[in-house]
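In: A predicted structure for the sequence below; I have some questions about it.
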Amino acid sequence: SHIDKRQEEFYRLQMKHLANPPPVNMVRVTGRVESEKQRLAPWCYGDGFDETKVPPMLRQLLERVRNHPDFSLGSPRDITLNYRHSTFFRLDPHLDP
């Protein structure tokens with residue numbers, strides 16, 4: 001998981017009312033540094049984002065979003081994937097810089 005000890009403690013606190021709380025079920029892939037132990041995605045992040053290092057299937061998705069008439073976006077700065085191994089009923093609103 002990409003969460004640090006402080007975040008894990010907060011998660012456990014929020015789940016303490018459950019007899020069998022679910023495990024943290026997400027693995028994250030991003031070009032942005034989020035922890036010391038993290039392996040970074042090859043496409044990097046921000047001004048260093050390198051679209052040529054994005055795998056072909058993800059590049060196709062990027063092109064679909066880029067070319068969709070309902071979106072007006074600048075240059076991509078990252079691609080973040082969150083892989084969940086079981087159900088997920090919790091969303092935490094956030095903004096990425």
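Out: It's in.
In: how about the helices in the chain?
Out: Here the chain has its helices, by DSSP state H, at 5-15, 56-67.
In: residues near residue 6, how many?
Out: Other residues lying near residue 6 total 8 when counted by other Cβ atoms under 10 Å. (C-beta placed from N, C-alpha, C; glycine too.)
In: ignore what I typed, I meant residue 55.
Out: When neighbours are counted by other Cβ under 10 Å, residue 55 comes out with 12.
In: what do you get for residue 62?
Out: With other Cβ under 10 Å as criterion, residue 62 counts 16.
In: cool, and residue 15?
Out: 14.
In: and the closest residue to it other than its chain neighbours, how far is that from residue 11?
Out: The shortest distance from residue 15 to any non-neighbouring residue, by Cβ to Cβ, 6 or more residues apart in numbering, is to residue 21 (3.6 Å). Distance of residue 21 to residue 11, given as Cβ to Cβ, to the nearest Å: 8 Å.
In: tell me which of the two has more neighbours.
Out: Using other Cβ under 10 Å, the more surrounded residue of residue 21 and residue 11 is residue 11, with 18 against 12.
In: need the nearest residue in space to the more buried one, chain neighbours excluded.
Out: Using Cβ to Cβ, 6+ apart and skipping residues adjacent in sequence, the residue nearest residue 11 is residue 24, 6.2 Å away.
In: burial measure for that neighbour, as a count.
Out: Residue 24 has 15 nearby residues by other Cβ under 10 Å.
In: I'd say it and residue 9 touch.
Out: No. Contact between residue 24 and residue 9 fails when scored by Cβ atoms under 8 Å: they sit 11.5 Å apart.
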